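S.K.: all I have is the shape, not the residue letters:
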């Protein structure tokens, strides 16, 4: 099985690392011997080798042009047209507004007759129906399980394990970025409320920003901290309440 990667950032590099370990063992157990025959990047070059690229060396360097064999590749589109592959892995950076150029990469791979796998949310969010239709027309697979929850099998769970159920909706944080952003926003809100409480108690900005002075008025800091906790808890309870109400109405 010949694999071609469009994008070689954190996801692509980690995939290649696992391909020589547990991923490779699982594929060989299933009777498939995988080799990466091409990698295309926006800034670090493009390489195609029908015999298979030296993955350990590709991981140690950022420049891939030295591993290329054959006629020069003009662009990513040219790469998708020419790379000797059975499966295209689309791993480029997300554009949340248009889903491009990932959608164009997926569409080009399917039109050429390749199976396509993407870890990019763009094609699933902005072009799912047309890409699914094209995949069925070409009798190829278009898979995007890695687009949410770091590869946790959500779409497969619904398609394979719940065929008799009609999913009405679900709620949750569907990726690490969202979870970390939400956590950071919570910390920022708490810090803002805490600082506002200190300022309202009469402390100057210099006193607030200097921990050495906090011991001069410990009761002010304790009061502001408790006040912050109460406000955050109030909004948390309010959020849970409205989520429960919205859920009961949907049911």
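M.R.: Arrived safely, thanks for sending. Note that this is a predicted model, so its numbers are computed, not measured. Numbers count the residues shown, from 1 in each chain.
S.K.: in the stretch 101-250 of the chain, which spans are strands?
M.R.: Secondary structure of the stretch 101-250 of the chain (DSSP state E, counting those that start in this stretch): strands at 115-118, 142-143.
S.K.: low-confidence ranges, this structure, go.
M.R.: Where the chain drops to pLDDT under 70, the residues are 151, 173-177, 207-209, 211-223, 225, 227, 229-230, 232-251.
S.K.: apply 80 and report the result again.
M.R.: Filtered on pLDDT under 80, the chain yields the residue ranges 62, 148-156, 159, 169-251.
S.K.: care to break it down by domain?
M.R.: 2-161, 176-250 (automatic domain parsing).
S.K.: of those domains, which is nearest residue 170?
M.R.: The closest of these to residue 170 is domain 2-161. By Cβ to Cβ, the value is 8.4 Å. Where C-beta positions appear, they are placed from N, C-alpha and C, glycine not excepted.
S.K.: just to revisit the earlier point, the strands of the stretch 101-250 of the chain into CSV, with extra columns for distance to residue 96 and mean neighbour count?
M.R.: As requested, these are exported to CSV (distance: least, Cβ to Cβ, whole Å; neighbours: other Cβ atoms under 10 Å):
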stretch, distance to residue 96, mean neighbour count
strand 115-118, 15, 24
strand 142-143, 20, 20
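S.K.: in CSV, list the ones you listed along with distance to residue 184.
M.R.: Shown next, in CSV, are the strands of the stretch 101-250 of the chain (distance: least, Cβ to Cβ, whole Å):
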stretch, distance to residue 184
strand 115-118, 27
strand 142-143, 31
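S.K.: quick revisit: what's the most buried one of the domains of the chain?
M.R.: Mean neighbour count, computed with mean count of other Cβ atoms under 10 Å, is highest for domain 2-161 among these, reaching a mean of 17.
S.K.: now that one: how far from the chain's centre is it?
M.R.: With Cα atoms, centre = their mean, to the nearest Å as the basis, domain 2-161 stands 14 Å off its chain's centre.
S.K.: what's the first-to-last distance across that domain?
M.R.: End-to-end distance for domain 2-161: 29 Å, by Cα to Cα, to the nearest Å.
S.K.: what about the helices in the chain?
M.R.: For the chain, the helices defined by DSSP state H occupy 10-19, 22-29, 55-60, 76-82, 102-112, 121-126, 128-138, 155-156, 176-200, 205-208, 218-250.
S.K.: which of these sits closest to residue 39?
M.R.: helix 55-60 (6.6 Å).
S.K.: helices and strands around that closest one, which ones?
M.R.: Judged by 3 or more Cβ pairs under 8 Å, 6 or more residues apart in numbering; DSSP states H and E, helix 55-60 is in contact with helix 10-19.
S.K.: no further questions, thank you.
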